[in-house]
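Asks: Take a look and give me a structure for this.
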Amino acid sequence: EVQLVESGGGLVQAGGSLRLSCAASGFTFDDYAIGWFRQAPGKDREGVSCISSSDGRIDYADSVKGRFTISTDNAKNTVYLQMNSLKPEDTAVYYCAAQPKPYWVCSLYTLWNSWGQGTQVTVSS
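Replies: As a prediction, the model looks like this:
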């Protein structure tokens, strides 16, 4: 059974940083892509950043390029999202998701089958 557990959310002032972690279990890490998504109140879920570590493919939403960095620790089956220069519009519940390769597109959250419970990120102005 695929299990994804997010951690690292919290309250931060604009311009600050947070690092989210997604601990994965129940599947072969190299066979899956892992993505970070977010959903703000009243808005649709959107892809933030996705990674397929075994083939080096990484995608970022335009809104976070240059500010967020996704990375993996394959020994720990963990994916991180380093978020710098945070803005109030980054406030959302952040989810990680897993999808077997090659059937993933970062911008299409409906393609992703397995989800974590989410972690709240709040950026104050």
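Asks: quick one: the strands in this structure?
Replies: 3-7, 10-13, 18-25, 32-39, 46-52, 57-60, 68-73, 78-83, 92-100, 114-115, 119-124 (DSSP state E).
Asks: can you pull the buried residues of the first one?
Replies: Right, the one you point to is strand 3-7. Across strand 3-7, burial judged by 16 or more other CB atoms under 10 Å covers 4, 6. Bear in mind the C-beta positions are built from the backbone N, C-alpha and C, glycine included.
Asks: just use 302 as the starting number from now, easier for me
Replies: Right, with 302 as the first residue, what we last looked at is strand 304-308.
Asks: Just want the angle from it to strand 393-401.
Replies: 150 degrees (axes from the mean of the first three to the mean of the last three CA atoms, to 10 degrees).
Asks: can you tell me which residues contact G348?
Replies: Applying CB atoms under 8 Å, 6 or more residues apart in numbering, we find G348 in contact with 336-338, 360, 362, 406-410.
Asks: what's the most buried one of the strands of the chain?
Replies: strand 333-340 (a mean of 24; mean count of other CB atoms under 10 Å).
Asks: tell me the mean pLDDT over that strand?
Replies: Strand 333-340 carries an average pLDDT of 97.
Asks: what residues does that strand touch?
Replies: 321, 323, 325, 346-354, 358, 371, 373, 380, 382, 391, 393-402, 405, 407, 410, 413, 419, 422.
Asks: May I have the beta-bridge partners of the residue nearest the centre of the chain?
Replies: The chain has W337 as the residue nearest its centroid, 1.7 Å off, counting by CA atoms, centre = their mean. Beta-bridge partners of W337, counted by DSSP bridges, are S350, C397.
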